[in-house]
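Visitor: Okay, structure incoming, though there's no sequence with it:
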């Protein structure tokens, strides 16, 4: 593999419009992390899987999130390149694992994760619109793609406004839940699961570990600060800060409302077995009107996530085109930037269409568990890169250095392997198939074209000058 070190004269051209502040970047990243989605779309899956252990599962998943945040903060500041994980994994571990990462975080997650979010939003909108959730979700995701075409700063402004609604909705649900508690807080520390007949049994360790994959999906997205690094002023100084800001908000917005729902639900059995646990809890503590109002607030919050995820994944696809990861015509098309709005317009459209198609032929639970298994594979690659980078390239300029290295990468690797070991066979088959497909494409197509395809250049001009000058 031929690496391009910082300072190389061969660098990416600055085409994306660089005008995001730290807080605009953070707003986009927090919205892409989708704290409301974690609480209101992913948590219902965990209520069904882990019962009263949902809040505990989210808390343990937060430890995995923190360990990865340290890895992303250090590597993202060292490699400030749009495209996210694969851009540093390919430079550190090699192009083959880099392409596996690119395939997982690019085309695969680009259709899976926005689909989960939009489909979940549709379920809450159905309190006032009696339309098939899959059709409504497809319309929502196409609408989000249209908004994303008009510039990342407009997206940042839009999601900042909607983010306020999102946070207020989460806080309101948590407060009302804690006001109406039905049982002691120790319930959260003695987790139980309930079968279809309502019979309780202790949550097993294997089920708890398996649930961490779902919980970690709820936190996924805070690494988005890396993806917007080429559009952020002072990217190397701010990328690490945005990572930790987004993770902190996500953890608070997911653990507290889930804990409140567990303590406030009239029946834990009904909470675990309900098709929509939140509507059950909201109706129980505030009546039908309260449920309708909060459901609309949740829908607005999740719309925020859809709007944020469109440019998020579009930029990954844009980066893959710029790196010539696909046949020439496809790569060049993905790398085209709109002359007026400075957005990768074709990549944005493809994310919208792909997500809409996925919504029409699947459901939230299936998409969520598939994504959880794929994320565990990605986490192992990220954490391994954080280990290997310090060993192979100790002289690399690192504006942010994680404390207690190598503790955090090791924690992330061990937890991710444990999570993978507890996944059901179908989810492991999906993850394994994606890895094998990516490796097969790399070996058969990319490796023979190593001089012209899957390029790894230096960061754009502004970040390259910082690297060369040792500033940041």
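Guide: Received it, and whenever you're ready, just let me know what you need. No experiment lies behind these values; they were computed from the predicted model shown. Residues are numbered from 1 along each chain as shown.
Visitor: all contacts plus neighbour counts: C-alpha atoms, from now on.
Guide: OK.
Visitor: what helices or strands is the helix or strand hosting residue 138 leaning on?
Guide: If you go by DSSP states H and E, residue 138 is part of helix 133-148. With contacts taken as 3 or more CA pairs under 8 Å, 6 or more residues apart in numbering; DSSP states H and E, helix 133-148 sits against helix 109-125, helix 277-322, helix 345-360.
Visitor: Give the next helix or strand downstream of that helix.
Guide: Assigned by DSSP H and E, the successor of helix 133-148 is helix 152-179.
Visitor: helices and strands around that next one, which ones?
Guide: Using 3+ CA pairs under 8 Å, 6+ apart, helix 152-179 is in contact with helix 22-33, helix 35-37, helix 235-264, helix 277-322.
Visitor: can you rerun that using 10 Å?
Guide: Contact here means 3 or more CA pairs under 10 Å, 6 or more residues apart in numbering; DSSP states H and E; on that basis helix 152-179 packs against helix 22-33, helix 35-37, helix 133-148, helix 235-264, helix 277-322.
Visitor: Among those helices, show me which one is buried the most.
Guide: Among the helices and strands packed on helix 152-179, ranked by average contacts under mean count of other CA atoms under 10 Å, first place goes to helix 35-37 (a mean of 32).
Visitor: mean confidence score for that one?
Guide: Mean per-residue pLDDT for helix 35-37: 70.
Visitor: and it, how far out from the chain's middle?
Guide: Offset of helix 35-37 from its chain centre (CA atoms, centre = their mean, to the nearest Å): 11 Å.
Visitor: Touching it from outside, list them.
Guide: By CA atoms under 10 Å, 6 or more residues apart in numbering, the residues outside helix 35-37 that reach it are 31, 41-43, 116-118, 120-121, 163, 166-167, 169-170, 217-221, 246-247, 249-255, 257, 297-306.
Visitor: For residue 193, which residues are in contact?
Guide: 47-54, 199-204, 207, 268-269, 272-273.
Visitor: On the pLDDT front, check the nearest residue to residue 245 once chain neighbours are set aside for me.
Guide: Nearest residue to residue 245, sequence neighbours excluded (CA to CA, 6 or more residues apart in numbering): residue 26, at 7.0 Å. Residue 26 is assigned a pLDDT of 74 by the prediction.
Visitor: Wait, residue 26 touches residue 224, no?
Guide: Yes - Residue 26 lies in contact with residue 224 (CA atoms under 10 Å); the separation is 8.8 Å.
Visitor: okay, and the common contacts of these two?
Guide: Shared contacts of residue 26 and residue 224 (CA under 10 Å, 6+ apart): 32, 239, 242-243, 246.
Visitor: Tabulate these (JSON lines), appending pLDDT and distance to residue 176.
Guide: What follows is these, written out as JSON lines (pLDDT from 0 to 100; distance: CA to CA, whole Å):
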{"residue": "32", "pLDDT": "66", "distance to residue 176": "26"}
{"residue": "239", "pLDDT": "79", "distance to residue 176": "35"}
{"residue": "242", "pLDDT": "82", "distance to residue 176": "30"}
{"residue": "243", "pLDDT": "86", "distance to residue 176": "30"}
{"residue": "246", "pLDDT": "84", "distance to residue 176": "24"}
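Visitor: Quick check: the two most widely separated of those residues?
Guide: Greatest spatial distance in the shared contacts of residue 26 and residue 224: 32 and 239, 14.9 Å, computed using CA to CA.
Visitor: so which of the helices and strands packed on helix 133-148 comes closest to residue 83?
Guide: Of all the helices and strands packed on helix 133-148, helix 277-322 sits nearest to residue 83, with 4.3 Å by CA to CA.
Visitor: Quick check: end-to-end length of stretch 45-57?
Guide: With CA to CA, to the nearest Å as the measure, stretch 45-57 spans 12 Å from end to end.
Visitor: Okay, buried residues for the helix or strand hosting residue 432 please.
Guide: If you go by DSSP H and E, residue 432 is part of helix 425-441. For helix 425-441, burial by neighbour count (16 or more other CA atoms under 10 Å) applies to 427-428, 431, 434-435, 438-439, 441.
Visitor: Can you list the low-confidence ranges for the stretch 1-150 of the chain?
Guide: Low-confidence segments of the stretch 1-150 of the chain (pLDDT under 70): 1-10, 14-19, 32, 34, 120-129.
Visitor: Actually, the stretch 301-450 of the chain.
Guide: 302, 341, 364-365.
Visitor: Please report how far the closest residue to residue 181 other than its chain neighbours lies from residue 281.
Guide: The shortest distance from residue 181 to any non-neighbouring residue, by CA to CA, 6+ apart, is to residue 264 (4.2 Å). For residue 264, the distance to residue 281 (CA to CA) stands at 7 Å.
Visitor: what sits in contact with each of these two?
Guide: Shared contacts of residue 264 and residue 281, counting by CA under 10 Å, 6+ apart, come down to 177, 271.
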